[in-house]
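A.B. asks: kindly generate the corresponding structure for this input.
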Amino acid sequence: MNRFFAIRLTSYLTIFLFYLFFMSIYSPLGIDWLDWHSQRLFNTVEFLKINGYLNSFGFSIWTMCENCDLNDIDWLNKIYNSQTRIYLFPYIIVNHFFEKEFFIIIGNLFDKTIILITGVLIGEAFFKVSHKEKNINKFLLSLYCFCLFIFSPWVYKMIISSWAEIHFLLYFLIASTFIYLKKIKTGLIFLFLSGIANHMWTFLITVYLLILIFVPSSNKKKHLLFEYSFINKSTLKYKNIFLFVLILPTIIFFILNSLVSYKYGFLEGSSLLYRIGISGEDIHNGGILGALQFFGGNRITRCFVSW
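C.D. replies: Coordinates of the predicted model:
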């Protein structure tokens, strides 16, 4: 089994490296961070480095300005409070000890590593759930699922300009894996980290689990949680703890948001409906299709040049 697992890992890595090589040649945007993304991410972590990592309660600026004075007091009113930057901790560490050029190199490698590990976890998850199939069929299924993830346009966007969603997905998959292995404490840690990366998704998962709990099953001998979530019979007794850990990042976010807003007053940010593109008064508006595209990682309006 260890040898077969090594074969699968080698296959995943080979496919991913070939994909990067192919895209580096044929994709006009390449496979490295886009300049605007590099600058924006650097400004975010550099602002925290200059003004203090704890002074803005985990929030930071989110701007593409070049060679701007991040120590300027005016930037304090431009902190982006729609999402904390706590999940950027690895980038913050790299930027603290190294220069911008090295930060960009390490950041690129780090993002690609995250994507690879996430793809491997997805492939291995499908390998495990298809236990009734023969090994060769399970192997092909895992490769197929890995490729569906790696080759998706959404993942390519994560390669050249990553967002918090990929961090959320990685931590959530790791949490689900540990919970499946009955390592509950470790699973809870990563479940919490997934919410720190993006509290909106863990909030939605909480709502989803509550629906599964309260909606009765057609078969009274079965529980909907067993069929449609990461919770099984052996971990059902921990369901309340799972719900609390999932909702906790949202509670923390609103507390931190209130603190930073109280300290600095009006800050940068936008409403959820505006970012989705269904507020009716925004440049992203694309109707229900644009909203669905947003939840998939992008808006359809991004595909067209502004008139």
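
A.B. asks: make it CA atoms for all contacts and neighbour counts henceforth
C.D. replies: Will do.

A.B. asks: which regions of the stretch 51-200 of the chain lie under the pLDDT threshold?
C.D. replies: In the prediction, the stretch 51-200 of the chain carries residues with pLDDT under 70 at positions 133.

A.B. asks: please redo it, this time with the cut-off set to 90
C.D. replies: Along the stretch 51-200 of the chain, the parts satisfying pLDDT under 90 run over 51, 54-56, 62-83, 126-139, 153-154, 157, 162-163, 180-182.

A.B. asks: which residues in it form helices?
C.D. replies: Along the stretch 51-200 of the chain, the stretches classed as helices by DSSP state H, counting those that start in this stretch are 89-97, 100-129, 135-150, 153-160, 164-180, 184-197, 199-214.

A.B. asks: ok, and what's touching the first one?
C.D. replies: Spelled out, that is helix 89-97. 42, 45-46, 49, 103, 106-107 (Cα atoms under 8 Å, 6 or more residues apart in numbering).

A.B. asks: adding distance to V207 and neighbour count, write these out as CSV.
C.D. replies: Formatted as CSV, the contacts of helix 89-97 follow (distance: Cα to Cα, whole Å; neighbours: other Cα atoms under 10 Å):
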residue, distance to V207, neighbour count
F42, 35, 23
V45, 32, 23
E46, 36, 21
K49, 36, 17
F103, 38, 20
I106, 37, 16
G107, 34, 22
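
A.B. asks: for the helix or strand where R3 lies, packing partners?
C.D. replies: Using DSSP states H and E, R3 maps to helix 2-26. Applying 3 or more Cα pairs under 8 Å, 6 or more residues apart in numbering; DSSP states H and E, one finds that helix 2-26 contacts helix 100-129, helix 135-150.

A.B. asks: K237: which of those is closest?
C.D. replies: helix 100-129 (22.1 Å; Cα to Cα).

A.B. asks: and the angle for the closest one with helix 2-26?
C.D. replies: Helix 100-129 and helix 2-26 are oriented at 130 degrees to each other (axes from the mean of the first three to the mean of the last three Cα atoms, to 10 degrees).

A.B. asks: how about helix 100-129: buried residues?
C.D. replies: 100, 103-104, 106-108, 111-112, 114-127 (16 or more other Cα atoms under 10 Å).

A.B. asks: what do you get for stretch 235-255?
C.D. replies: Buried, per 16+ other Cα under 10 Å, within stretch 235-255: 239, 242-243, 245-250, 253.

A.B. asks: that older thread, now, the most widely separated pair of the contacts of helix 89-97?
C.D. replies: Farthest pair in the contacts of helix 89-97 (Cα to Cα) is K49 and I106. Separation: 17.6 Å.

A.B. asks: okay, now G52: neighbour count?
C.D. replies: A count of nearby residues for G52, using other Cα atoms under 10 Å, gives 11.

A.B. asks: sorry, that was for W62
C.D. replies: For W62, the neighbour count with other Cα under 10 Å is 22.

A.B. asks: residue contacts, it?
C.D. replies: Listed by Cα under 8 Å, 6+ apart, the contact partners of W62 are 40-41, 43-44, 79-80.

A.B. asks: how about 10 Å then?
C.D. replies: Contact partners of W62, counting by Cα atoms under 10 Å, 6 or more residues apart in numbering, are 37, 39-45, 47, 78-81, 85, 268-269.
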